[in-house]
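Q: Just the structure for this:
(3 chains)
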Amino acid sequence: MSDLITDTSPSPSGVSDENGSKKSRAGALLRFGRTGAPVLPFLAYVSLGLLLPTIAIINLAFRSNAGKLTLANMKVILCTSNNQACLQYRAGFENSLKLALVTSIVPGILGTFVAYAIATSKHELFKRLTAACSGVLAQFGGVNLAFMFIAAFSAVGGVATHWLADIGLNPWNHGFNLYKFWGVAFVYMYFQLPLMILIITPAFAGLKESWREAAEGLGASTWRYWRHVGLPVLAPAVLGSMLLLFGSGFSAYATAEALTAGTIAITPIQIGAILNGNVLSGEANLGYALGFAMIVILLISVIGYALLRRRTSRWLR
Amino acid sequence: MKVAVAAGLVSTMLAGVSLVSGGANAATKKVNWATVTSAQAGGGMTALVKAAKKEGHVNVITIPLAGWANYGLIMKDFTAKYGIHINDANPNGSSAQEITAIQQDKGRADAPDVVDVGTSYATENMGLWAPYKVATWSLIPAASKDPNGRWFDDYGGYVAIGCDTKIVTTCPTSFADLTNPAYKNEVAINNDPTSASAAFYAVWAASIANGGSYSDIQPGITFFANLNKIGNFVPGGTAATAAAGTTPILIWWDYLQNGVASSVPGWKSVIPSDGTIAAYYTQAITKDAPDPAAARLWEEFLYSSLGQNLFLQGYARPIELPGMIANKTVNQGFLAKLPAAPKGAVTFPTMTQVNTAKATIASNWASAISGS
Amino acid sequence: MASLELGQAIQGEALMDSYSRGNPSARRIKRVRWGRGTALFLAALYFIVPFYAAMQFCLQDVNGHFTLQTFTQIAQAPGFYSALWLSTQLAVATMAIVLILMVPTMIYVHLRMPRFRRVMEVITILPIVIPPIVLIVGVDGVTPLWLKSSQWLLALIYVVLAMPYVYRSLDAGLGAIDLKTLVEAARSLGSGWVSIIWRVLIPNLRSALLSASVLTLALVFGEFTIASLDGWTTIPVWIYLTPTTNPRINTLVAMMALLGTALVLMLIVSFDRKSHLRRS
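A: Numbers count the residues shown, from 1 in each chain, chains lettered A, B, ... in the order given. Below is the predicted model:
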């Protein structure tokens, strides 16, 4: 369907598309150099604040405690020897990835539906209200959110647990455990879902109501409309947003730490135990190596997001 | 003859004066307290106190303001006695952060002067400490100190099982009791054994109760894995969760249990009958301490019978307890309140055994408990 | 605006328009309304129930009766005021630095380098996905000693963490006003750049600036990882690590932080007249 609609207009900013030749790229660089000076403070800050520390971690990940270059940390992380001592880190990565996938796919799909429900509403005030709510709720997280859920859902003394127990639906009696994997995922949803709504809502602007009406006029059912028009247009945006959610769910530390008191075996918690604990002394470089591995995984997801974003913006420019 | 006697008298007097003034000169000679290895070597306690007061403050780190071995009162008493102000950085931080702070704050006036860390953090960073032997050095058991004075244990306790009698009808008195199905969703240790020292030793105590030893912590891991499987085990335990009723049975240090008891009516704790283990925290003075004299005075205070009794008041076992009982300098009233210790002299695992246990915990705990 | 241009470029749009007659079937509308209603209701339930339950938890005593006594207990809890003061200082510093850094940059980018917006967007997404727990380690590795032991290092790091939210706010705000016209008008009247930013643009960007500030405030009062690893006792660190024996105290402070920022943000949005002029 998408090939019926070709974007023949030059993009509004007047710069050539992906097929730019070497000459235009060099020209672009020169132009940047001339006009780009005022953004240098921003770039400098980001370099110092993000780039430099990342380089430092990469450096530390490959050093031993004595400071010498070594691949030993990597060997432990990748657990190539499969011995018991390193399986914990592999388990940590597996749990982290599982958690990130669950808390990106589920809120991703649900969030798309909810965002669609909001975007197609006719009440302006409602839209503004929900937009504000999403913005606020996406901010919730960390220690504050964990304490809120503990107060509401802990097995003994949780207020919501009491309400549910009164109607015979005490979740703890049906296998729910707030402090284990699914409990953590349940809590993560609280900020992942609004984050999804926040990110995906602008994409609906690219899905024109007139296409829907036209499709209906041509006799398409709802299902066919979505199959051939809606989903292909939305897919890059939804996927891209889910990648972002993946990154957010993978790197979250404070929420899991405060909720499970550091007892869930995910990579950020393991790093915390090494670098900020009271038991595992003398293993700091292993912690840095774990951090490096996390960065690699997250970089992949960010690149994926950027690529999908490019596709999405076709509908939005 | 008279002249000779007079000369002799004068010379004796002069010699005497020079001796006295020589002594006085020695006392006013500048002492670099950073290299002083004992109060005596620096010219005595009075000189130490004087130098410490001149410095005016001492920087401690990660000392909780309340609820930990009576440190709150200890700090207050120290300041009241000597007029030296205590700066407590990062009161709720971890042992790892103490080491990081020393490395990070090097050369600054607010760098830590002294630390109170888990023992392995002290023994693995020997280069950071200044050797110093307190006046009561001989009362510290040999196994609990560095022979050169770089580190020395201060206080500690046994792993104990605490219980909220308002919620639990019959309190468990041993690890074996904990598997009782009546305790579903009630049993907790202090958070995670890979990051919290009390939890680590709780698992070790469980191991000893189940056929393990100082060389083998695995039976403890298996025990808690089983406890988790039958549904009795709850992941995080602190004074707050004990008070909230979320963890009516909490395995923790006995001295911290008593702190809980003072704020949670009906809280009782007991040292498990089938196995327990004792661990002590460790003091050290930093080599580049910005306030070396005050740092040393602080240690002298902690290891004086006054300081050690203050730890005792906080239900912790001061390291010099056996010596103080023998010397009759112990406060009998505080001593009586301690939970009954296991029979026999207290023994500790060696550093090698501790490291092996840590490695085992790090690799096996998570998969055994299976956080997912 | 830009979307209109794209719309007009789509071949066959005119043709499709001619096919759209009348309204979609009434049945579809009803189905859609039910579906939408259920989705929104369930979502609302998921968000409201824990919040309400937690508030109730904090405002009752051990016997379940309503009480405000928890507030007084907070005031007496050890270390609370120093944590509050530290968090407040950091919040103000972070807000100041991030706005001074981002506002002129984004105005310039919107005016002269619109293609750079995409680059900025990707850059400002990075802090969302670089784990703070790893970031703090890297920062400690490169920071000079004199800065490492200062609390202001936290503010400098928080600026990086706040960038995604500030960028989105300002981007939306700048997109909603007619930037080019305003600037051209002001320039033609002889205004200098500082004057333009201060007297023309900032008043028009009021709500975007306010929400950027509040989001930064929420971030600082919610950030735990970096503060705790760097050894500073900010409010979230205080909440988690302070051993009070009444968990209601810690929880109430957490709820106040959540509620406070939520209320302020809602107020900003509801009093903002211009936001509905944004394309929707």
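Q: Now the helix or strand C:Ala218 falls within: average pLDDT?
A: Here C:Ala218 sits within helix C:206-220, counting by DSSP states H and E. If you average the pLDDT over helix C:206-220, you get 87.
Q: same question, stretch B:99-112
A: 86.
Q: do the helix holding C:Ala218 and chain A meet at all?
A: Yes. Counting by C-beta under 8 Å from any C-beta of the partner chain, chain A is contacted by helix C:206-220 at C:Ser211, C:Leu215, C:Ala218, C:Leu219. Any C-beta I mention is one placed from the backbone N, CA and C, and that applies to glycine too.
Q: downstream neighbour of that helix in the secondary structure list?
A: Next along from helix C:206-220, by DSSP H and E: helix C:225-229.
Q: Render the CA-only coordinates of that next one in CSV, please.
A: Provided in CSV are the C-alpha atoms of helix C:225-229 (Å, rounded to 0.1, in the frame of the first residue of the first chain):
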residue,chain,number,x,y,z
THR,C,225,20.7,5.8,41.3
ILE,C,226,23.3,8.4,40.7
ALA,C,227,22.8,10.2,44.0
SER,C,228,23.1,7.0,46.0
LEU,C,229,26.2,5.7,44.1
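Q: can you tell me if that helix touches chain A.
A: Yes. Helix C:225-229 lies within reach of chain A by C-beta under 8 Å from any C-beta, at C:Thr225, C:Ser228, C:Leu229.
Q: hey, C-alpha coordinates of whichever helix or strand comes after that helix in PDB?
A: For helix C:225-229, the succeeding helix or strand toward the C-terminus, using DSSP H and E, is helix C:235-241. Taking Å, rounded to 0.1, in the frame of the first residue of the first chain, the C-alpha atoms of helix C:235-241 are listed here in PDB:
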ATOM      1  CA  ILE C 235      15.300  12.900  49.100                       C
ATOM      2  CA  PRO C 236      14.900   9.600  47.200                       C
ATOM      3  CA  VAL C 237      18.100   8.200  48.900                       C
ATOM      4  CA  TRP C 238      16.700   9.300  52.200                       C
ATOM      5  CA  ILE C 239      13.400   7.600  51.500                       C
ATOM      6  CA  TYR C 240      15.000   4.300  50.700                       C
ATOM      7  CA  LEU C 241      18.000   4.100  53.000                       C
END
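Q: Just name whatever secondary elements the helix or strand just after helix C:235-241 is in contact with.
A: Next helix or strand after helix C:235-241 toward the C-terminus (DSSP H and E): helix C:247-270. When contacts are defined as 3 or more C-beta pairs under 8 Å, 6 or more residues apart in numbering or on different chains; DSSP states H and E, helix C:247-270 packs onto helix A:124-139, helix A:142-153, helix B:239-244, helix C:26-58, helix C:69-76, helix C:206-220, helix C:235-241.
Q: Tabulate these in JSON lines, adding columns for mean neighbour count and distance to B:Ala326.
A: Listed next are those as JSON lines, based on neighbours: other C-beta atoms under 10 Å in any protein chain shown; distance: least, C-beta to C-beta, whole Å:
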{"stretch": "helix A:124-139", "mean neighbour count": "19", "distance to B:Ala326": "61"}
{"stretch": "helix A:142-153", "mean neighbour count": "27", "distance to B:Ala326": "48"}
{"stretch": "helix B:239-244", "mean neighbour count": "24", "distance to B:Ala326": "34"}
{"stretch": "helix C:26-58", "mean neighbour count": "15", "distance to B:Ala326": "51"}
{"stretch": "helix C:69-76", "mean neighbour count": "13", "distance to B:Ala326": "42"}
{"stretch": "helix C:206-220", "mean neighbour count": "23", "distance to B:Ala326": "55"}
{"stretch": "helix C:235-241", "mean neighbour count": "26", "distance to B:Ala326": "39"}
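Q: Reformat the ones you listed as JSON lines; add distance to B:Asn309.
A: Output for these, formatted as JSON lines (distance: least, C-beta to C-beta, whole Å):
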{"stretch": "helix A:124-139", "distance to B:Asn309": "50"}
{"stretch": "helix A:142-153", "distance to B:Asn309": "37"}
{"stretch": "helix B:239-244", "distance to B:Asn309": "24"}
{"stretch": "helix C:26-58", "distance to B:Asn309": "39"}
{"stretch": "helix C:69-76", "distance to B:Asn309": "28"}
{"stretch": "helix C:206-220", "distance to B:Asn309": "43"}
{"stretch": "helix C:235-241", "distance to B:Asn309": "28"}
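Q: so which of the ones you listed comes closest to A:Val302?
A: helix A:124-139 (18.0 Å; C-beta to C-beta).
Q: Show me what that closest one is packed up against.
A: Looks like helix A:124-139 contacts helix A:84-119, helix A:181-204, helix C:206-220, helix C:247-270 (3+ C-beta pairs under 8 Å, 6+ apart).
Q: residue in the stretch 101-250 of chain C nearest to chain B?
A: Chain B sits closest to C:Leu241 of the stretch 101-250 of chain C, with a gap of 3.6 Å, by C-beta to the nearest C-beta.
Q: Model confidence for the nearest residue to that residue once chain neighbours are set aside, exactly?
A: Once flanking residues are discounted, C:Leu241 sits nearest to B:Asn92: 3.6 Å by C-beta to C-beta, 6 or more residues apart in numbering or on different chains. Per-residue confidence (pLDDT) for B:Asn92: 81.
Q: same deal with C:Ser82?
A: On the pLDDT scale, C:Ser82 gets 90.
Q: Just put the helices and strands packed on helix A:124-139 in CSV and tack on distance to A:Ser134.
A: Below are the helices and strands packed on helix A:124-139 laid out as CSV (distance: least, C-beta to C-beta, whole Å):
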stretch, distance to A:Ser134
helix A:84-119, 8
helix A:181-204, 4
helix C:206-220, 12
helix C:247-270, 11
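Q: Out of those helices, the one nearest B:Ala209 is which?
A: That would be helix A:84-119 among the helices and strands packed on helix A:124-139, by C-beta to C-beta, at 23.6 Å.
Q: So the residue nearest to C:Leu241 sits against C:Thr233, correct?
A: Yes. Between B:Asn92 and C:Thr233 there is a contact under C-beta atoms under 8 Å: 6.8 Å.
Q: Leaving out the residues flanking it, which one is nearest to the residue in the stretch 151-300 of chain A that chain B sits nearest to?
A: Proximity of the stretch 151-300 of chain A to chain B (C-beta to the nearest C-beta) peaks at A:Ala261, 2.7 Å away. Of all residues beyond its chain neighbours, the one nearest A:Ala261 is B:Gly236 (2.7 Å), with distances taken as C-beta to C-beta, 6+ apart.
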